[in-house]
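Trainee: would you be able to build a 3D model of this:
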Amino acid sequence: MTEVCIVGKDDVTLPDDLYAYETAYRALATYDPTFLWENALVVETISLGTAVSLLNDLDWYLARVAADAFVRDPSVSETEWLSRPLARKLRDGGGDPEERVNRLTVYGVADGRLVDPTMVLRGDAQEGTYERPEYDDTVVVRVTKEEFF
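Mentor: Numbering: from 1, shown residues only. Below is the predicted model of the structure:
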């Protein structure tokens with residue numbers, strides 16, 4: 001299953017603020033949200049295309065309540081997430097899912113929340129761990145060249 005993660009802005013409580021919009025509520029009604037992190041709502045979809053479509057449907061609401069949104073598709077990576085633009089590019093056939101992306105945003109996980117997104121260049125373009133000792137864990141999101149620069 002492909003997962004969609006919506007990270008709330010600092011002053012937002014997900015899902016309350018997102019579900020307050022009736023159209024967003026209806027778009028998410030068929031999904032069973034989980035909370036891998038306190039400030040992020042995660043839903044499973046059936047494909048990369050469905051994940052991108054869901055984010056497109058929620059675009060207006062995401063602009064108001066979300067700090068970020070990304071996708072994890074097991075056909076691309078079991079551990080790394082894809083930024084929304086990169087997921088859209090792969091869905092549209094504009095990239096090779098087998099190609100290793102060396103531009104990343106790495107989130108720290110502190111007190112159960114995604115925090116401090118930092119841009120990182122991966123030297124060998126291979127999957128790996130990105131230790132940030134000041135945090136309990138990290139979450140790696142692959143990004144496009146345009147997002148990185």
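Trainee: can you list the buried residues in the lengthiest helix in the chain?
Mentor: Looking across the chain with DSSP state H, the single longest helix is helix 48-57. Residues 48-52, 54-55 are the ones in helix 48-57 that count as buried (16 or more other Cβ atoms under 10 Å). (Each C-beta comes from the backbone N, C-alpha and C, glycine too.)
Trainee: what's the closest of those residues to residue 75?
Mentor: Distance to residue 75, by Cβ to Cβ, is smallest for residue 48 among the buried residues of helix 48-57, at 7.4 Å.
Trainee: isn't that closest one right next to residue 71, touching?
Mentor: Yes. Checked against Cβ atoms under 8 Å, the pair residue 48 and residue 71 is within contact range at 6.8 Å.
Trainee: which neighbours do these two have in common?
Mentor: Listed as contacting both residue 48 and residue 71 by Cβ atoms under 8 Å, 6 or more residues apart in numbering are 2, 87.
Trainee: if we can go back for a sec, tell me what the longest helix of the chain is packed against?
Mentor: Applying 3 or more Cβ pairs under 8 Å, 6 or more residues apart in numbering; DSSP states H and E, we find helix 48-57 packed against strand 2-8, helix 22-28, strand 40-45, strand 66-72, helix 84-91.
Trainee: switch those over to a markdown table; also include distance to residue 102.
Mentor: Converted to a markdown table, the helices and strands packed on helix 48-57 look like this (distance: least, Cβ to Cβ, whole Å):
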| stretch | distance to residue 102 |
| --- | --- |
| strand 2-8 | 21 |
| helix 22-28 | 33 |
| strand 40-45 | 25 |
| strand 66-72 | 17 |
| helix 84-91 | 12 |
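Trainee: just put those in TSV and tack on mean pLDDT.
Mentor: As requested, the helices and strands packed on helix 48-57 are exported to TSV (pLDDT from 0 to 100):
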stretch	mean pLDDT
strand 2-8	98
helix 22-28	95
strand 40-45	98
strand 66-72	98
helix 84-91	94
